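Asks: have a look at this prediction, sequence included:
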Amino acid sequence: MIESPEEPPRSRVRWPVLAAYGALMAIGVPWYWPQGDQAMVLGLPVWVAVAVAASAAASVLTAWLLRNAWQAEDESSENEDRP
Amino acid sequence: MNEGLLPFGPGAWVVIGLYVASLLVLGWIGYRARAEDSLRDFYLAGRGFGFLVLVLTLYATQYSGNTLLGFTGKTYRIGYAWVMSLHFMTAIIVFYLLFAPQLYRLARARGFITPTDYLNHRFRSPGLNVIASLVMVVALSNYLLAQLMALGRAMEGLSGADPFKAYLFGVIFLALIMGIYESMGGLRAVAWTDAIQGGILFTGFFVLLWLVFDHFGSLGESTARLLDADGLLQGADAAKAKALPPPAARCREWFSYILIVGIGGALYPQAIQRIYAARSGRSLRLSLGVMAFLPLTTTLVALIVGVTAAAHVPGLEGAASDRVLMVVCRQIQAGSLFGYWLVVILFAGVLAAIMSTADSALLSISSMLTKDIYAQFIKPSAGQAELTRLGKRTSWALLAVLVLLAILLRETTLMRLLDRKFDLLVQLAPGFILGIHWRGLRAGPTLAGLVVGLIIAVGLVVCGYSRLYDIHPGLWGVAANLIVAAGGSVLLGKRLENA
C-alpha cells in the first residue's frame, strides 16, 4: 500500500474560533441550569431562549467566518499560485 | 383520536398534480441543457451552480420530510429539549468550515466527481476507497428507503381509498417520477427541482407557523399551559417536564447529537457533491452563509409546532406521536376553507421535502457505484458516455429494489434500526477532516481506524445500544477510529524517520 502520496493543501485551524464555538455549545446546552426553573421570557422558558440565542450567535459567527476568513484564504492561495 | 388529514378533493389533487408535472418539465429542460455526455455533466451539472440554485438545493437536500414530521413528533414527546435540533442543524454548517474551503479548491483543481475521489487523491488506498464507498452507499440506501416509505405514508389516507393502495401509489408513482426526471437531467434536473421543492418547503414552514398560531394561540400560552398543567391535562408531571430544563442524561444526549449530526450531516455524500458543483468559491460561501441561519426558520418552526401540539393535543403515545403534525393539520383543515387550502400547500411542502432528499441520495449512490466501483475495479477502460448510461441504469435498478423493500417493510418498525446513517458516516471524518489538515495522516492507519470505528459502531447497535451512557454508538466508534488513525500515523511516521 502506498502511504500518503499526495500532501493536503496548506490550511490553518484557528484555535480562538474553535474555543468560541466550544463556549457557545457549553452555554447553549442547559447542563448548568437549575432543574425546576420556570422563568419565562418572550413566551419561552429562559433556558430555551438562551439555547436559541447561542444557536443564533453560532450562525452569525459562521456567516462572518465564511465571509471573511474563507475569502482571505482564497486570496492568499491565489497569491501563492502566482509565479 | 383521528390521526390523518381529511381526504383531499379534486381541486387539491389538481394542485399536487401540477407540482408533480412541473418536476417532469424541469427534468426535460435539464436534459435539453446538457452540454456533453459525461459524468461531470450528469453528476455535477458541469460545475455551474450559482448562489440561488446552490442554496435551495442544499436546503432541500439537508432538510427532509423527517424535519417536518419526525421533529414535530420528537418535540411532542420530549418538549422544549428538542431545541437541540436547532444546535445540531447549525453544527452541520460549522463543520463544513473545517474542510469545505480546502475540499472545494482541491475539487476544482483535480476534477473530483464523487467524495471518494478526494480520498483516492489524498491516500491512494484501494481498500480505503472501497470501504468508504460502501459505507456511503449503505448509509444513503437506508436513507433513501426511509424517504420512499415516507412518501407512501404521506399518501395514506388522503385519497379516501384503501390505505394500502394509497401507500403503493405514493411509493411507486412518485419514485417513477423521480427516476424519470433524474435520468433525463442528472444533477441539473435534481437541483432545479430541488430549487422548486426548497421554495415550497420554505413556504410550507411559514404557512405552518401561521396556521398554528392562528388556530391555537401564542407560544407563551402553550408554554404556560404546559407549566400549569395540574388539573388541566392528563399526566401533568410529564407535561410540565416538557417545559423544564432537561436532566443530565438528556444534556449528554444533546452534546452527542450536536457532534454526530454536525459531523455526519457535513459528510453527506450528496452535499459534498454540491460543494464540488459550485460555480465559484463566492457562490459556495454565500450559500453556506445563508444555510447557517436556516435552522432558525425550519427546525425552530417544527419545535414550536411540537410544543403547541403537546400543550393542546395531548394523549398521543409512541409511534402515533410521529403523526402529531397530521392531527394538528386535520383540526386546522376542518376549521375553514382557507385552512383546508393552506394544508394542501403544506402537504405539497412535505412531498417536496421527501422527494428532494430522495432524488439527491439516489443520484449520489448511482455516481459512487458507477465511478468508484465499476469504473475503478470492473471496467477501467469504460468511456464517459458508457459510464453515464450505466449510471442511469444503476439508478433505475436501485430504485426498483428499494421500492420493493419499501412495500415489503410497510408493516415493520425496522426503520429505527436501519436509520443509523450518522453512526456510519461519522467514521469517514478522520479521512476527510483530519486528512485535509494534517499531512502526517497516513493511508494504512486511516483504513484501520475506519474498520475499527465501523465494528464498534455497528457492534453496539447490533447489541441493542442505541446510546451508550447517552452517547451515540457512532461517536464511540469514531473516538476509537481517531486514536487508531492518528496514533498509528504518528508511530508509522517515527518508524519511517528512523529507517
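Replies: Done, it's in.

Asks: find the closest residue to chain A in chain B.
Replies: Nearest residue of chain B to chain A, counting by Cβ to the nearest Cβ: B:G220, 3.0 Å away. Bear in mind the C-beta positions are built from the backbone N, C-alpha and C, glycine included.

Asks: touching, that residue and A:G43? I think so.
Replies: Yes. Between B:G220 and A:G43 there is a contact at 3.0 Å, judged by Cβ atoms under 8 Å.

Asks: who touches B:V290 in this structure?
Replies: By Cβ atoms under 8 Å, 6 or more residues apart in numbering or on different chains, the contact list for B:V290 reads B:V55.

Asks: actually, B:A175.
Replies: Contacts of B:A175 (Cβ under 8 Å, 6+ apart): B:148, B:151, B:358, B:399, B:402-403.

Asks: mind listing the helices for the stretch 1-150 of chain B?
Replies: All helices of the stretch 1-150 of chain B, identified by DSSP state H, counting those that start in this stretch, fall at B:10-32, B:39-44, B:51-62, B:65-78, B:84-110, B:115-123, B:126-155.

Asks: for chain A, what's the longest helix?
Replies: Looking across chain A with DSSP state H, the single longest helix is helix A:46-67.

Asks: quick one: the strands in chain A?
Replies: Here chain A has its strands, by DSSP state E, at A:40-41, A:44-45.

Asks: any part of the last one near chain B?
Replies: Yes. Strand A:44-45 lies within reach of chain B by Cβ under 8 Å from any Cβ of the partner chain, at A:44-45.

Asks: pull the residues that contact that strand.
Replies: A:37-39, A:52, B:80, B:219-220, B:223, B:243-245.

Asks: between those residues, which sits nearest B:Q197?
Replies: A:V52 (26.8 Å; Cβ to Cβ).

Asks: need the pLDDT of B:V130.
Replies: At B:V130, the model reports a pLDDT of 94.

Asks: distance-wise, check it relative to B:L106.
Replies: The gap separating B:V130 from B:L106 is 21 Å, by Cβ to Cβ, to the nearest Å.

Asks: and these two? Which one has more around it.
Replies: The neighbour count for B:V130 versus B:L106, taken as other Cβ atoms under 10 Å in any protein chain shown, is higher for B:L106 (21 against 16).

Asks: enumerate every residue touching the nearest residue to B:T388 once chain neighbours are set aside.
Replies: Spatial nearest neighbour of B:T388, excluding adjacent residues (Cβ to Cβ, 6 or more residues apart in numbering or on different chains): B:F42 at 4.9 Å. Residues near B:F42 by Cβ under 8 Å, 6+ apart: B:34, B:186-187, B:388, B:391.

Asks: would you map the helices across the stretch 151-300 of chain B?
Replies: Going by DSSP H, counting those that start in this stretch, the stretch 151-300 of chain B shows helices at B:163-216, B:219-227, B:236-241, B:248-266, B:269-276, B:281-291, B:294-297, B:299-312.

Asks: just want the residue of chain A that's nearest chain B.
Replies: Going by Cβ to the nearest Cβ, chain B is nearest to A:G43 of chain A, at 3.0 Å.

Asks: adding mean pLDDT, write the helices of the stretch 151-300 of chain B out as CSV.
Replies: Below are the helices of the stretch 151-300 of chain B laid out as CSV (pLDDT from 0 to 100):
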stretch, mean pLDDT
helix B:163-216, 86
helix B:219-227, 91
helix B:236-241, 82
helix B:248-266, 95
helix B:269-276, 91
helix B:281-291, 93
helix B:294-297, 94
helix B:299-312, 93
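
Asks: and those: which comes nearest B:A485?
Replies: helix B:248-266 (14.4 Å).

Asks: lowest-confidence helix or strand of chain B?
Replies: helix B:415-418 (a mean of 50; mean pLDDT, DSSP states H and E).

Asks: identify the residues contacting the helix or strand following that helix?
Replies: The element immediately downstream of helix B:415-418 (helix or strand, assigned by DSSP states H and E) is helix B:421-425. Residues outside helix B:421-425 that contact it (Cβ under 8 Å, 6+ apart): B:135-136, B:138-140, B:142-143, B:260-261, B:263-265, B:267-268, B:454, B:457-458, B:461, B:472-474, B:477.

Asks: what residues does the stretch 301-450 of chain B have near chain A?
Replies: So the stretch 301-450 of chain B meets chain A at B:435-444 (Cβ under 8 Å from any Cβ).

Asks: buried subset of the residues you listed as a PyMOL selection?
Replies: Restricted to buried positions by 16 or more other Cβ atoms under 10 Å in any protein chain shown, the PyMOL selection for those reads:
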select buried, chain B and resi 435+436+437+438+439+441+442+443+444
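
Asks: now the residues of the stretch 301-450 of chain B next to chain A in CSV, with secondary structure?
Replies: Shown next, in CSV, are those (DSSP: H, G, I helix; E, B strand; the rest coil):
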residue, secondary structure
B:G435, helix
B:I436, helix
B:H437, helix
B:W438, coil
B:R439, coil
B:G440, coil
B:L441, coil
B:R442, coil
B:A443, helix
B:G444, helix
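
Asks: just put the residues of the stretch 301-450 of chain B next to chain A in CSV and tack on pLDDT and distance to B:S321.
Replies: Formatted as CSV, those follow (pLDDT from 0 to 100; distance: Cβ to Cβ, whole Å):
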residue, pLDDT, distance to B:S321
B:G435, 94, 41
B:I436, 92, 41
B:H437, 90, 42
B:W438, 91, 44
B:R439, 88, 49
B:G440, 92, 49
B:L441, 95, 44
B:R442, 95, 48
B:A443, 95, 46
B:G444, 95, 47
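
Asks: quick one, which of the strands of chain A is packed in tightest?
Replies: strand A:44-45 (a mean of 23; mean count of other Cβ atoms under 10 Å in any protein chain shown).

Asks: give me the buried subset of the contacts of strand A:44-45.
Replies: Buried by 16+ other Cβ under 10 Å: A:52, B:80, B:219, B:223, B:243-245, out of the contacts of strand A:44-45.

Asks: can you give me the first-to-last residue distance of stretch B:371-385?
Replies: 12 Å (Cα to Cα, to the nearest Å).

Asks: which stretches of chain A have low pLDDT?
Replies: A:1-13, A:71-83 (pLDDT under 70).

Asks: about what we covered before: what's the closest of the strands of chain A to B:K74?
Replies: So among the strands of chain A, strand A:44-45 is nearest, using Cβ to Cβ, at 17.5 Å.

Asks: direction included, what does the closest one pair up with?
Replies: When pairs are called by DSSP bridges, strand A:44-45 turns out to pair with strand A:40-41 (antiparallel).

Asks: tell me which residues are up against the strand it pairs with.
Replies: By Cβ under 8 Å, 6+ apart, strand A:40-41 touches A:46, A:49, B:220, B:223-224.

Asks: how about a cut-off of 7 Å?
Replies: Contacts to strand A:40-41, defined as Cβ atoms under 7 Å, 6 or more residues apart in numbering or on different chains, come from residues A:46, A:49, B:223.

Asks: just the closest of those residues to A:A20, please.
Replies: Nearest to A:A20 among those: A:A49, at 20.2 Å, using Cβ to Cβ.
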